[in-house]
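Q: Return atomic coordinates for the entry below.
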Amino acid sequence: MKNPDIIPFILLAALISLSFEREKAEISGKPLKWEKMPVKYHINKYCYKPIDSEKCMGAVVNSFKTWESPECTSLKFERGEDTGEAKGSFNSLDIKSNRNIVVWYFTDWPYEPNGLALTTVTYDDKTGKIYDADIELNGFNYRFDVVETTPSSYTDIQNTITHEIGHMIGLDHTFEPSSVMYPTARAGEIKKRKLSDDDIKGVCEIYSNDSGCSCSTISY
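A: Here you go, the predicted structure:
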């Protein structure tokens, strides 16, 4: 049995629209999407070392809950056991062994120095089916926290992770300033903790809740 055509794709700023935009496969142009629910994720056991791990992990968990909260979406996440994996990776020889991880870099940041975070998605180019997604955060050049008062010089964990999860589920950047998927954020920003109407439209288009009600009508 042949392995599927798998392409690792780093989600960076691409063509930016005024409303939600779906991320598409580089060659076939197929929209990216997880096919099975729930999508399991794993947080590095240290989370963001400088602060209490439970506080950090709580912010990450809340970020995932934000995206599955609209009633119109079937998107579901499951938190797996914490992991010791220290960087994102993908094993094309054993697809089922891969984990979707959230991890901070502390001693070095191997990507663009000014980059706050990076989400790498691996998918089947023929179908757009997502196999793996890793969220990596730049704890080397930036200071993170769970921001409680603003203004703040710290980067809010939940604000950042919520944006990156948008990439993880197949959304691209947008020029809509109120959107979680707006590509920039200042230190201390917390508005991306909540989905805008545009974000809700996006997640519900990709992962629509079609359960509905099987109803019949009778008149008396």
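Q: quick check: mean pLDDT across the lengthiest helix in the chain?
A: For the chain, the helix with the greatest residue count under DSSP state H is helix 53-68. Helix 53-68 carries an average pLDDT of 98.
Q: starting at the chain centroid, how far to stretch 185-199?
A: Centroid separation for stretch 185-199 versus its chain: 14 Å, with CA atoms, centre = their mean, to the nearest Å.
Q: Quick check: end-to-end length of that stretch?
A: When the termini of stretch 185-199 are compared using CA to CA, to the nearest Å, they are 16 Å apart.
Q: quick one: contacts of that stretch?
A: Stretch 185-199 is contacted from outside by 19-20, 62-63, 66-67, 69-70, 116, 147, 150-156, 158-160, 162-163, 166, 171, 174, 176, 178-182, 203, using CB atoms under 8 Å, 6 or more residues apart in numbering. In short, each C-beta sits where N, CA and C put it, glycine included.
Q: same thing but 7 Å
A: When contacts are defined by CB atoms under 7 Å, 6 or more residues apart in numbering, stretch 185-199 is touched by residues 19-20, 66, 70, 147, 150-156, 158-159, 162-163, 166, 174, 176, 178-181.
Q: Check stretch 47-55 too.
A: Contacts for stretch 47-55 (CB under 7 Å, 6+ apart): 46, 56-57, 60, 104, 106, 139, 144-146, 157.
Q: Taking those, tell me the two that lie furthest apart.
A: Spatial extent of the contacts of stretch 47-55 (CB to CB) is set by the pair F106 and V146 at 17.7 Å.
Q: More neighbours: the two, which one.
A: V146 (18 against 15; other CB atoms under 10 Å).
Q: Just confirm D134 is within a helix.
A: No. Checked against DSSP: H, G, I helix; E, B strand; the rest coil, D134 lies outside a helix; its state is strand.
Q: these two touch, right, it and G88?
A: Yes. Contact criterion CB atoms under 7 Å: D134 and G88 qualify, at 2.9 Å.
Q: any idea which residue sits dead centre in the chain?
A: Residue closest to the average C-alpha location in the chain (CA atoms, centre = their mean): I165, at 1.3 Å.
Q: got a list of what that one touches?
A: The contact partners of I165, by CB under 7 Å, 6+ apart, come to 63-64, 67.
Q: One more: T107?
A: Counting by CB under 7 Å, 6+ apart, T107 touches F140.
Q: Quickly note the distance from it to C47.
A: Going from T107 to C47 by CB to CB, to the nearest Å gives 16 Å.
Q: quick one: the helices in this protein?
A: Along the chain, the stretches classed as helices by DSSP H are 53-68, 157-168, 197-206.
Q: Buried deepest among these, which one?
A: The highest average neighbour count among the helices of the chain, using mean count of other CB atoms under 10 Å, belongs to helix 157-168 at a mean of 26.
Q: can you pull up the bridge partners for K24?
A: Listed by DSSP bridges, the beta-bridge partners for K24 are P31.
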